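> Turn this into a model:
(one chain, ligands or ions: 1)
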Amino acid sequence: MYILFQFSVFFFIFLPQILTLVLSPSQISEIHKKLVESKKIAVCTHYNPDGDAIGASLALRSYFTTQGFEVICVIPNNMPEFYQWMPGAETILNAQKSFKEAKKVLQDADILFLVDMSAEHRSGVDLENILLTTSAYKILIDHHPNPTAQCAVVYSITNTTSTCENVHRFLDEITDQPFLNQEIATCIYTGIITDTGSLSFACNNAETYSLLAELMKTGIDGEEIHREIYDNYSESRIRLLGITLNKLKVFPHLGTSYMYVTQEEMKINYFKDGDTEGFVNYGISLKGIIFTAFFIERDKRIRISFRSKGDFDVNKFAQTYFQGGGHRNAAASYHYDTLENTIKRFEEIIQTHPELNHKK
Ligand SMILES: [Mn+2]
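As a prediction, this is how the structure comes out:
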């Protein structure tokens, strides 16, 4: 009996992690067949690419380049400067700057990966149609809920930290060989770190930490990666953050806060793409606040980022009121109105939204 008990405890604690497999054996053989027939691989991601989008793109580029493919990553518009250090970043094709070239890459590809996006329109109006009509064999790798992208393979797991984590799982499923090296590990690490706010949300699972340990074993410098991303900001970004924080509005009885930044403020502070990334997290860092929004004034539209703590579902909130979406604790929307009207609408909604008003 004692031995049996010991035995079961042993297996309970040391049971190897069995990850859910997404691909069926027939899908795996189809992917293998396509790979044998293919030479050119393209990778495309969402508008305003973040650390996860760029990390997932470059991890795939790194892996398939070592396998002898010609791989080109396309981004719809500028990426933040603080990701320029990433391995292979210098090879990324920016469709906003080189549209014709990007279009050709996406159309000529034998295999096209769409990463960190649930639908083609997430790459913006200019690329959407190309992504929909290309004759390439399309594979989606994503972690957003309800993917609608028209792809031959939809590799979507939503309860993981990031698309980068899913890229690792995808490669693990399609190959029997060890594939992690420092370059791929650096890219995947970046995606996990940036999509979890440096392992502060959406990462309460042992699988993620096991993967992080595997990445570390390749010899990557996690501390250095963190410094490259978070201690590499421009003076203009910090000044813009100061201005934005000064306007923080708090509704303690609703557990809600918000901030906004105007086009004028961005202009006088020499705003560059990516400068406002992470601002929204300050709004959720207050004691007693479970929900925050951050409004950025753009041409003819307002970009809204939402963050929450715990059970408050910002994906649902963004969908219900602002035609947006994302994840439970992080989501975003575009609202086609003035900044003033958008904020007014937000203030009205939070006054009556049931989940915010139960504490009254
Ligand atoms: Mn992501």
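> So which bits of the stretch 151-300 of the chain are right by the ion?
162-163, 195 (Cβ under 5 Å from the ion). The way it works is simple: take the backbone N, C-alpha and C, and place the C-beta from them, glycine included.
> Just put these in CSV and tack on neighbour count, secondary structure and distance to residue 150.
Compiled in CSV, those are given as follows (neighbours: other Cβ atoms under 10 Å; DSSP: H, G, I helix; E, B strand; the rest coil; distance: Cβ to Cβ, whole Å):
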residue, neighbour count, secondary structure, distance to residue 150
162, 28, coil, 23
163, 33, helix, 18
195, 27, helix, 25
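> Between those, which sits nearest residue 64?
Comparing these against residue 64 with Cβ to Cβ places residue 163 closest, at 15.9 Å.
> ok, now which ones touch the closest one?
52-53, 55-56, 115-116, 141-143, 191, 195 (Cβ atoms under 8 Å, 6 or more residues apart in numbering).
> try it again with 7 Å
For residue 163, the contact set (Cβ atoms under 7 Å, 6 or more residues apart in numbering) comprises 52, 56, 115-116, 141-143, 191.
> circling back: could you find the lowest-pLDDT member of the residues of the stretch 151-300 of the chain next to the ion?
Across those, the smallest pLDDT goes to residue 195, namely 93.
> That one - nearest residue in space that isn't next to it in sequence?
Closest residue to residue 195 apart from its sequence neighbours, by Cβ to Cβ, 6 or more residues apart in numbering: residue 162 at 3.9 Å.
> among the contacts of residue 163, which are in helices?
Those of the contacts of residue 163 mapping onto helices are 52, 56, 191, per DSSP state H.
> list the contacts for the last one?
Residue 191 makes contact with 51-52, 55-56, 162-164, according to Cβ under 7 Å, 6+ apart.
> in the helix or strand encompassing residue 294, what counts as buried?
Per DSSP states H and E, residue 294 falls inside strand 291-298. Buried residues in strand 291-298, counted by 16 or more other Cβ atoms under 10 Å: 291-297.
> Check which residues of the strand or helix carrying residue 244 are buried.
If you go by DSSP H and E, residue 244 is part of helix 235-246. The neighbour-count check on helix 235-246 (16+ other Cβ under 10 Å) flags 237, 240-241, 244 as buried.
> returning to that earlier point: now pLDDT too, for the buried residues of strand 291-298, in CSV please.
Formatted as CSV, those follow (pLDDT from 0 to 100):
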residue, pLDDT
291, 98
292, 98
293, 98
294, 98
295, 98
296, 97
297, 97
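> ok, of the residues you listed, which one's closest to the ion?
Checking the buried residues of strand 291-298 against the ion by Cβ to the ion gives residue 294 as the nearest, at 17.5 Å.
> The closest residue to residue 102 other than its chain neighbours: neighbour count?
Spatial nearest neighbour of residue 102, excluding adjacent residues (Cβ to Cβ, 6+ apart): residue 95 at 3.8 Å. Residues lying near residue 95 (other Cβ atoms under 10 Å) number 23.
> how about residue 95, what does it touch?
Residue 95 touches 74-76, 102, 126-127, counting by Cβ under 7 Å, 6+ apart.
> And residue 203, by the same measure?
Residues in contact with residue 203 (Cβ under 7 Å, 6+ apart) are 161, 196.
> That one belongs to a strand, doesn't it?
No - read with DSSP: H, G, I helix; E, B strand; the rest coil, residue 203 is coil and lies in no strand.
> State the distance from it to residue 212.
Taking Cβ to Cβ, to the nearest Å as the criterion, residue 203 is separated from residue 212 by 9 Å.
> what's the burial count for the residue lying closest to residue 233 once chain neighbours are set aside?
What sits nearest to residue 233 in space, not counting adjacent residues and going by Cβ to Cβ, 6+ apart, is residue 82, at 6.8 Å. By the measure other Cβ under 10 Å, the count of residues near residue 82 is 20.
> can you give me the helices in the stretch 201-350 of the chain?
Assigned by DSSP state H, counting those that start in this stretch, the helices in the stretch 201-350 of the chain fall at 206-217, 222-230, 235-246, 263-268, 280-284, 314-322, 339-352.
> now the stretch 51-200 of the chain
Counting by DSSP H, counting those that start in this stretch, one finds helices in the stretch 51-200 of the chain at the ranges 51-66, 99-108, 125-133, 163-174, 182-195.
> For the residue of the stretch 201-350 of the chain found nearest the ion, list the residues it contacts.
The stretch 201-350 of the chain approaches the ion most closely through residue 327 (8.2 Å), counting by Cβ to the ion. Neighbouring residues of residue 327 by Cβ under 7 Å, 6+ apart: 144, 202, 315.
> now the residues you listed as JSON lines including pLDDT, neighbour count and distance to residue 43?
Listed next are the contacts of residue 327 as JSON lines, based on pLDDT from 0 to 100; neighbours: other Cβ atoms under 10 Å; distance: Cβ to Cβ, whole Å:
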{"residue": "144", "pLDDT": "93", "neighbour count": "20", "distance to residue 43": "17"}
{"residue": "202", "pLDDT": "87", "neighbour count": "20", "distance to residue 43": "23"}
{"residue": "315", "pLDDT": "95", "neighbour count": "21", "distance to residue 43": "25"}
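> Give the full set of residues in contact with the nearest residue to residue 101 once chain neighbours are set aside.
Once flanking residues are discounted, residue 101 sits nearest to residue 93: 6.2 Å by Cβ to Cβ, 6+ apart. By Cβ under 7 Å, 6+ apart, the contact list for residue 93 reads 72-74, 101-102, 105.
> That concludes my questions; thank you for your assistance.
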